[in-house]
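Asker: Sequence first, predicted coordinates after that:
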Amino acid sequence: MRVYLDNAATTPIHPEVLKEMYKVMETNYGNPSSIHAHGREARSLVEKARKTIANLLNTSPSEIFFTSGGTEADNTAIRRGIIDNQIKHAISSHLEHHAVIHTLESMEKAGVIKLSFVGTDSKGNVDYDHLEQLLKSNGRSFVSLMHANNELGTLSDMERIGDICEAYDAIYHADTVQTIGHYKHDLKKLKTHFMVCAAHKLHGPKGVGFLNVSHRIKIKPFIYGGAQERNMRGGTENIYGIVGMAKAPEMSYADMEPNHSYIQGLKTYMIDQLKENVYGIDFNGEIGADKSLYTVLNVSFPCSDLADMLLFNLDIAGISASGGSACSSGTDIGSHVLNAIGGDSSRPSVRFSFSKYNTKEEIDYTVAKLKELCQVAVIA
Ligand SMILES: Cc1ncc(COP(=O)(O)O)c(C=O)c1O
């Protein structure tokens, strides 16, 4: 049996997304910038995709810019949002993805901004009062706080952050890479200036995403080149990717409620089964359905003998999961997120992340293997 429980790292492509992409690959090779018929055909695919995404998010197509994924979208929002609006102070948290933290830290190092970190509790929740204090005692600020933490699953309250940012005239960037396609974001209600998406997190292709830039903010390009993306992002458009980028949320929005309850059911089942079968486990981050992303479950295990080997042993047993963030797996640097919430670094932690393609049988198999591995460690 081969079980894939690493859907926060990336997801398999939805067959309908693949079908759309194949069709375009086979029949449309025009460059959207060309003015002849081939080019016009490609252009109309890109604009149709933009419109689809804008409709789903309840915004205007002119607020959607295609990028190479979440990292580029985060970099664009942060660098251009700060520089083009003469912002001198940024607020983020120690729990953000490296696409955010490293970008902000590099700007602080270069003397462009002063960087403050908002407090977070042991479950990864933002201290909203501290956020307000930081905004009160600094000038106009750039606030970068993720919607769902990619390692813990803990959700932030985007409406509350939006209200706070509005009260202090701050620019609000929400890293929504883990939540677009899992929740319905209504951009007419949310007070974000920037929101980001990576298609491969919602059964779309890798190497494509988008940045939502609100009309309320003006920025210059992050990547200079041709006049693509209305002069905002140079480079010939990845038309196959863009078509897949639009089809993926279209498919997830169509079945969002049943998929949400199915996946939440799997997660709750795994929590119960782990509690019942594996002694001494702890869950990292929020696990309640209202405060936690339903696709992510982060667990610490007691089996210290297996500390370096648990993921390896799971892999050998046919289970793909991740230790902390998949984006840094392959290195032996511990998770900055677990460190920031005061996690016990001597205990192995595994992030299991689910999709609609997982089954209860896969959870049973995984829990049985975990039980086996942890018992071996105790006996040893
Ligand atoms: C919260 C978050 N932000 C940004 C990214 C970066 O996305 P990408 O690797 O598609 O550029 C990831 C990827 O794991 C993520 O989880």
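Answerer: Sure thing, it's come through. Numbers count the residues shown, from 1 in each chain.
Asker: Using CSV, write out every CA atom in the longest helix anywhere in the chain.
Answerer: Ranked by residue count under DSSP state H, the longest helix found in the chain is helix 256-277. Extracted C-alpha coordinates of helix 256-277, given in CSV (Å, rounded to 0.1, in the frame of the first residue of the first chain):
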residue,chain,number,x,y,z
MET,A,256,-16.2,22.4,-1.5
GLU,A,257,-18.8,21.6,1.2
PRO,A,258,-18.9,17.8,0.7
ASN,A,259,-15.1,17.7,0.4
HIS,A,260,-14.7,19.9,3.4
SER,A,261,-16.8,17.6,5.6
TYR,A,262,-15.3,14.4,4.1
ILE,A,263,-11.7,15.6,4.8
GLN,A,264,-12.6,17.0,8.2
GLY,A,265,-14.1,13.5,8.9
LEU,A,266,-10.8,11.9,8.0
LYS,A,267,-8.8,14.2,10.2
THR,A,268,-11.1,13.8,13.2
TYR,A,269,-11.0,10.0,12.7
MET,A,270,-7.2,10.1,12.6
ILE,A,271,-7.1,12.2,15.8
ASP,A,272,-9.4,9.7,17.6
GLN,A,273,-7.5,6.7,16.3
LEU,A,274,-4.1,8.1,17.3
LYS,A,275,-5.4,8.9,20.8
GLU,A,276,-6.7,5.4,21.1
ASN,A,277,-3.8,3.5,19.7
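Asker: what sits up against that helix?
Answerer: If you take C-beta atoms under 8 Å, 6 or more residues apart in numbering as the criterion, helix 256-277 is touched by 181-184, 252, 281, 283, 287, 289, 294-295, 297, 299, 352, 354-356, 358-360, 363-364, 366-368, 370-371. Just so you know, the C-beta spots here come from the backbone N, C-alpha and C atoms, and that holds for glycine as well.
Asker: got the contact list for the residue in the stretch 1-150 of the chain that the ligand sits nearest to?
Answerer: Closest residue of the stretch 1-150 of the chain to the ligand, C-beta to the nearest ligand atom: residue 70 (2.7 Å). By C-beta under 8 Å, 6+ apart, the contact list for residue 70 reads 97, 99, 175, 177, 196-198, 201, 209.
Asker: Name all residues that make contact with the closest residue to residue 266 other than its chain neighbours.
Answerer: If the residues on either side of it in the chain are set aside, residue 266 comes closest to residue 354, at 5.2 Å by C-beta to C-beta, 6 or more residues apart in numbering. Neighbouring residues of residue 354 by C-beta under 8 Å, 6+ apart: 5, 7, 263, 266-267, 294-297.
Asker: can you check residue 182 too?
Answerer: 148, 202, 252, 256, 260, 293-295.
Asker: List buried residues within these.
Answerer: Those of the contacts of residue 182 that meet the buried threshold are 148, 202, 252, 260, 293-295, by 16 or more other C-beta atoms under 10 Å.
Asker: farthest pair in those residues?
Answerer: 148 and 252 (14.7 Å; C-beta to C-beta).
Asker: how close does the residue nearest to residue 266 sit to residue 164?
Answerer: When C-beta to C-beta, to the nearest Å is the yardstick, residue 354 and residue 164 sit 32 Å from each other.
Asker: give me phi/psi at residue 284?
Answerer: Dihedral angles phi and psi of residue 284 (degrees, to the nearest 10) take the values phi -100, psi 140.
Asker: Then residue 283?
Answerer: According to degrees, to the nearest 10, residue 283 has phi -100, psi 140.
Asker: Specify which member of the buried ones among the contacts of residue 182 is nearest to residue 83.
Answerer: Of the buried ones among the contacts of residue 182, the one sitting nearest to residue 83 (C-beta to C-beta) turns out to be residue 148, at 27.5 Å.
Asker: quick one: pLDDT of residue 376?
Answerer: Note for residue 376: predicted pLDDT of 64.
Asker: scratch that, residue 345 is what I was asking about
Answerer: On the pLDDT scale, residue 345 gets 77.
Asker: Who are the contact partners of it?
Answerer: 334, 338-339.
Asker: from those, which would you call buried?
Answerer: residue 338.
Asker: Any chance of CSV for the contacts of residue 345, columns secondary structure and distance to residue 243?
Answerer: CSV is the format used below for the contacts of residue 345 (DSSP: H, G, I helix; E, B strand; the rest coil; distance: C-beta to C-beta, whole Å):
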residue, secondary structure, distance to residue 243
334, coil, 39
338, helix, 38
339, helix, 40
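Asker: Done for today, thanks.
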